[in-house]
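Participant: Here is my input, please return the structure:
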Amino acid sequence: MLTPRNIFEPVAPGAAGEIFIPLLERAGFRLEQIVSHGQASRPGFWYDQDGDEWVLLARGEAVLEFEHECIELKDGDHLLIPAHAKHRVKSCSQDAVWLALHVPA
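Facilitator: Prediction:
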C-alpha cells in the first residue's frame with residue numbers, strides 16, 4: 001500500500017542534532033531530507049563532495065558559506081552546488097527542513 005508522508009511532520013521527537021532521512025536511493029543518486037535544529041558546520045570544516053548536490057530549503061532560514069561568498073536561503077530557495085565547491089553551513093534556523101539531491105558530477 002502506498003502511504004504518503006509529509007516532510008514537515010515531526011521526526012524522531014527528542015532527538016538531538018541534525019537528522020538525515022533517506023527518501024530515495026538509486027544507482028547514481030540519493031535524495032534525502034535533512035531536519036536541522038539550528039546546527040551549523042563545526043569551525044574549520046568544509047564539505048568537498050565528489051558529486052553535485054542540489055539543495056532545497058523547504059522551511060526555515062540558512063546561510064551557506066563558500067570559499068569566497070555567503071549565500072542566504074529562505075523558505076523555498078534552492079541551489080545547485082557543483083562538485084568540489086567547498087562549502088559549509090554557517091547558520092540555520094531551529095525549524096530548518098532541507099531536501100538534498102546528490103548526483104554524480
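
Participant: how about the helices in this protein?
Facilitator: Taking DSSP state H, the chain contains no helices at all.

Participant: low-scoring stretches of the protein, by residue?
Facilitator: 13-15 (pLDDT under 70).

Participant: could you show me where the strands are in it, in order?
Facilitator: 19-26, 29-35, 52-59, 61-66, 70-74, 78-81, 87-92, 97-103 (DSSP state E).

Participant: any idea which of those strands is most buried?
Facilitator: Highest mean neighbour count among these (mean count of other CB atoms under 10 Å): strand 87-92, with a mean of 20. Any C-beta I mention is one placed from the backbone N, CA and C, and that applies to glycine too.

Participant: before we move on, the earlier item: in a markdown table, list the strands of the chain along with distance to Pro43.
Facilitator: Compiled in a markdown table, the strands of the chain are given as follows (distance: least, CB to CB, whole Å):
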| stretch | distance to Pro43 |
| --- | --- |
| strand 19-26 | 21 |
| strand 29-35 | 20 |
| strand 52-59 | 21 |
| strand 61-66 | 11 |
| strand 70-74 | 15 |
| strand 78-81 | 20 |
| strand 87-92 | 9 |
| strand 97-103 | 21 |
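
Participant: out of the ones you listed, which comes closest to Met1?
Facilitator: Of all those, strand 19-26 sits nearest to Met1, with 17.9 Å by CB to CB.

Participant: Can you tell me who the residue lying closest to Ile21 once chain neighbours are set aside pairs with across the strands?
Facilitator: Leaving out its chain neighbours, the residue that sits closest to Ile21 by CB to CB, 6 or more residues apart in numbering is Gln33, at 4.3 Å. Gln33 has these beta-bridge partners by DSSP bridges: Ile21, Leu99.

Participant: give me every residue that touches Gln33.
Facilitator: 7, 11, 20-21, 23, 97-100 (CB atoms under 8 Å, 6 or more residues apart in numbering).

Participant: one more time with 6 Å, if that's ok
Facilitator: 7, 21, 23, 99 (CB atoms under 6 Å, 6 or more residues apart in numbering).
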